[in-house]
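1. need a structure here:
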Amino acid sequence: MIIFISDLHLTDGTFDYMKDDPNNHIPHDISHRAFKLFWDQVYRIYKANKDESKISEIKLVLLGDICEIRSTTKWVASDYEKDGKTRKLKYRPWKEDKSGPSKICKEILEGILKHNEKIFRYLSPKKFDEVEKDNGLRLLVEELGKDKIKIEYVSGNHDRLINFYDEDSLVKEYIEKELGWTIPEVDKDKGFKFEDRDIGILADHGHKDDFIDYYKDYKKAPIGALLSDLLGRLMYHVQEKENKELIRFCMNIDNVRPSSDRLTWVASNINKLSQDNLEVLREVLLTGISELNQDSDVIFDFLYERLKGKIKFFHKVILGIIGIFTDKKKFLKKWITKILAKVERRLKETEEKDLKTIFDSIQRLISKLMPKKKRKKEYQDQDFHYYKRAEKESEEGYNYVVYGHSHRFKLIPLTTQKERKVFYFNTGTWKRTVQKNLLPLKTKEPDFQKWSRMTYVNFFSRKRKENKDHIFDVWHGNLQVEGDV
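-> Modelled structure (predicted):
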């Protein structure tokens with residue numbers, strides 16, 4: 001029996017809010033109780049098939065974005081010296097040295113394991129004995145044996161650094177040793193993947209066709225790593241202000257999917273903040289822009305390399321003409337510096353209640369710069385490119401193609417391949433979701449909804465007679481609590 005889950009995004013706790021008062025806590029991560037429910041259900045499935053089938057092994061595949069190495073304040077905190085005033089850009093998930101992990105990366109990973117200790121009891125064969133006795137996982141261990149419950153970890157874009165370094169012993173082998181997970185080797189063509197030819201499964205995180213979160217190959221830092229850095233900067237300075245309302249505000253930014261809608265969410269929700277908090281937010285944003293100006297050389301070089309092949313034909317023509325008279329790279333850098341200066345000036349001059357207009361204008365600018373195919377009809381299925389890639393991969397003999405990444409559960413029948421019935425699955429997420437409504441309001445102002453989701457996909461081998469009558473089943477749940485409305 002093979003089970004797929006993805007996109008847990010377990011953090012190091014630096015986005016949480018507690019400030020020495022447990023009653024004041026706003027958690028950012030999933031509750032460990034979700035994993036108890038998960039294993040209880042897996043045990044029921046096992047028991048339902050026990051008499052007429054032969055499930056002798058359970059393999060749980062963690063399909064990427066399990067350890068949240070990008071969204072944390074630790075990268076930004078490393079910039080500041082002991083006096084908390086002078087700073088210098090030091091460590092970032094998008095500029096790590098390939099030869100070996102920085103101390104910050106290791107601290108983040110250790111923080112994730114410590115902060116989610118209760119959760120990892122349900123996800124680590126080395127910690128299964130610490131789970132309460134009446135739990136489905138403990139019952140499975142007793143009936144099958146601990147060695148028959150295996151966990152494989154296929155990294156995604158938010159946990160890319162797991163497989164990035166040449167010196168594996170400090171990260172990859174650390175996880176294998178601490179948690180007992182198996183991390184497959186990278187495939188030169190397909191990257192980090194899971195295969196089961198017996199059932200006909202090909203699975204990977206699914207971010208390869210996302211130009212924001214994939215660049216050339218699975219190990220290279222994408223633009224998305226820089227965007228997480230911007231959110232980390234914002235949260236770091238908000239945490240320094242110890243402002244609970246703004247911390248909650250920033251948590252919601254992190255939960256917006258797709259991430260391209262984040263500025264739209266900010267623009268449509270910013271006026272819900274109190275006047276005092278809007279002023280605090282203005283201070284934080286000005287500090288962030290000051291940092292970006294200080295780091296502009298390094299950031300621009302990173303972005304230029306990744307965007308130069310993505311710009312529209314019209315812009316290429318303009319840059320080609322500019323290149324006749326001046327260095328186009330220097331021209332672009334000067335242009336971006338002017339934009340930052342303009343945003344900074346507007347932030348200083350704009351009334352708090354009009355901060356929304358700044359975010360609206362930034363969103364429009366980004367939209368114009370994006371490739372045209374990324375901003376076609378507003379209501380087209382955002383996941384279409386996943387189906388296309390899955391169908392192409394199914395041509396290689398796979399019956400089931402499984403991705404994560406998008407945070408949107410899917411089960412799609414694809415084109416029949418030489419009489420083979422083919423399906424595409426997306427394993428969704430267990431993380432809280434903030435998503436834009438499909439249809440605009442009469443005012444044409446975008447609106448968003450918040451809720452929690454939980455998806456897992458189970459496969460059974462007919463050859464190994466693991467199930468008497470079916471090959472897969474999918475469990476998908478949604479939960480909205482009163483505070484989400």
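2. and the nearest residue to Ile5 once chain neighbours are set aside, how many residues sit next to it?
-> Spatially, and ignoring its direct neighbours in sequence, Ile5 is nearest to Tyr456 (4.8 Å; C-beta to C-beta, 6 or more residues apart in numbering). In this view, the C-beta of every residue, glycine as well, is placed from N, C-alpha and C. The number of residues packed near Tyr456 is 21, by other C-beta atoms under 10 Å.
3. cool, and Trp430?
-> Neighbour tally, Trp430, other C-beta under 10 Å: 26.
4. grab the longest strand from the protein for me.
-> strand 448-459 (DSSP state E).
5. from the chain's centre, how far out does that one sit?
-> Computed by C-alpha atoms, centre = their mean, to the nearest Å, the separation of strand 448-459 from the middle of its chain amounts to 14 Å.
6. kindly report the same for stretch 406-424.
-> 23 Å.
7. who are the neighbours in contact with His470?
-> For His470, the contacting residues are Phe460, by C-beta atoms under 8 Å, 6 or more residues apart in numbering.
8. ok, back up a step: partners of the longest strand of the chain, with directions?
-> In the sheet, strand 448-459 lines up against strand 2-5 (antiparallel), strand 433-436 (antiparallel), strand 472-479 (antiparallel) (DSSP bridges).
9. point out the most buried one among these.
-> Scoring the strands paired with strand 448-459 by mean neighbour count under mean count of other C-beta atoms under 10 Å gives strand 2-5 as the most buried, with a mean of 24.
10. for the next helix or strand after it, which positions count as buried?
-> Using DSSP states H and E, the helix or strand that follows strand 2-5 in sequence is helix 33-50. Residues of helix 33-50 classed as buried by neighbour count (16 or more other C-beta atoms under 10 Å): 34-36, 38-39, 42-43, 45-46, 49.
11. after helix 33-50, next one along is what?
-> Taking DSSP H and E, what comes next after helix 33-50 is strand 58-62.
12. state the mean pLDDT of the helix or strand following that following strand.
-> Per DSSP H and E, the first helix or strand lying C-terminal to strand 58-62 is helix 74-77. For helix 74-77, the mean per-residue pLDDT is 95.
13. which residues does helix 74-77 contact?
-> If you take C-beta under 8 Å, 6+ apart as the criterion, helix 74-77 is touched by 12, 14, 91-93, 104, 107-108, 111, 229, 232-233, 236.
14. go again using 10 Å as the cut-off
-> With contacts defined as C-beta atoms under 10 Å, 6 or more residues apart in numbering, helix 74-77 is touched by 12, 14, 69, 84, 87, 89-96, 102, 104-105, 107-108, 111, 225, 228-237, 239-240, 288, 291.
15. which is the next helix or strand following that helix?
-> Moving toward the C-terminus from helix 74-77, the next helix or strand (DSSP H and E) is helix 103-115.
16. returning to that earlier point: just put the buried residues of helix 33-50 in JSON lines and tack on pLDDT and distance to Glu130.
-> Shown next, in JSON lines, are those (pLDDT from 0 to 100; distance: C-beta to C-beta, whole Å):
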{"residue": "Ala34", "pLDDT": "94", "distance to Glu130": "17"}
{"residue": "Phe35", "pLDDT": "96", "distance to Glu130": "13"}
{"residue": "Lys36", "pLDDT": "95", "distance to Glu130": "13"}
{"residue": "Phe38", "pLDDT": "97", "distance to Glu130": "16"}
{"residue": "Trp39", "pLDDT": "97", "distance to Glu130": "13"}
{"residue": "Val42", "pLDDT": "96", "distance to Glu130": "18"}
{"residue": "Tyr43", "pLDDT": "95", "distance to Glu130": "17"}
{"residue": "Ile45", "pLDDT": "91", "distance to Glu130": "23"}
{"residue": "Tyr46", "pLDDT": "91", "distance to Glu130": "21"}
{"residue": "Asn49", "pLDDT": "79", "distance to Glu130": "27"}
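17. farthest-apart pair in those residues, please.
-> Across those, the longest distance by C-beta to C-beta is 23.4 Å; it joins Ala34 and Asn49.
18. thinking again about what came up before, export the longest strand of the chain as CSV, just CAs?
-> What follows is strand 448-459, C-alpha atoms only, in CSV (Å, rounded to 0.1, in the frame of the first residue of the first chain):
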residue,chain,number,x,y,z
PHE,A,448,-10.9,35.8,-0.6
GLN,A,449,-12.0,32.8,1.4
LYS,A,450,-10.1,31.0,4.2
TRP,A,451,-10.3,27.3,5.1
SER,A,452,-8.2,24.2,5.9
ARG,A,453,-7.8,21.1,3.7
MET,A,454,-6.4,17.6,4.0
THR,A,455,-5.8,15.2,1.2
TYR,A,456,-4.1,11.8,0.8
VAL,A,457,-4.1,9.3,-2.0
ASN,A,458,-3.8,5.5,-1.5
PHE,A,459,-2.7,2.9,-4.1
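19. circling back to that earlier point, list the contacts of the residue nearest to Ile5.
-> With contact taken as C-beta under 10 Å, 6+ apart, Tyr456 is in contact with 3-6, 38, 41-42, 60, 409, 427-428, 430, 473-477.
20. on that earlier part again, and which of the buried residues of helix 33-50 is nearest Glu283?
-> Nearest to Glu283 among these is Ala34, at 36.8 Å by C-beta to C-beta.
21. what residue, apart from its backbone neighbours, is nearest Thr415 spatially?
-> In space, Thr415 is closest to Glu391, 5.8 Å off (C-beta to C-beta, 6+ apart).
22. hang on, the one you found in a helix?
-> Yes. Assessed by DSSP: H, G, I helix; E, B strand; the rest coil, Glu391 belongs to a helix.
23. distance-wise, check it relative to Asp12.
-> 38 Å (C-beta to C-beta, to the nearest Å).
24. more neighbours: those two, which one.
-> Legend: neighbour count by other C-beta under 10 Å for Glu391 and Asp12, higher for Asp12 (25 against 16).
25. residue contacts, the more buried one?
-> For Asp12, the contacting residues are 28-29, 67-69, 71-74, 107-116, by C-beta under 10 Å, 6+ apart.
26. buried stuff in the host helix or strand of Leu285?
-> Leu285 belongs to helix 275-294 when elements are defined using DSSP H and E. By 16+ other C-beta under 10 Å, the buried positions in helix 275-294 come out as 277-278, 280-282, 284-285, 288-289, 291-292.
27. by contact count, what packs against it?
-> helix 223-241, helix 244-255, helix 296-307, helix 328-349, helix 355-369 (3 or more C-beta pairs under 10 Å, 6 or more residues apart in numbering; DSSP states H and E).
28. now tabulate the ones you listed in JSON lines and tack on mean neighbour count, mean pLDDT and distance to Glu178.
-> Shown next, in JSON lines, are the helices and strands packed on helix 275-294 (neighbours: other C-beta atoms under 10 Å; pLDDT from 0 to 100; distance: least, C-beta to C-beta, whole Å):
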{"stretch": "helix 223-241", "mean neighbour count": "21", "mean pLDDT": "93", "distance to Glu178": "24"}
{"stretch": "helix 244-255", "mean neighbour count": "19", "mean pLDDT": "92", "distance to Glu178": "26"}
{"stretch": "helix 296-307", "mean neighbour count": "15", "mean pLDDT": "88", "distance to Glu178": "31"}
{"stretch": "helix 328-349", "mean neighbour count": "13", "mean pLDDT": "76", "distance to Glu178": "42"}
{"stretch": "helix 355-369", "mean neighbour count": "15", "mean pLDDT": "64", "distance to Glu178": "40"}
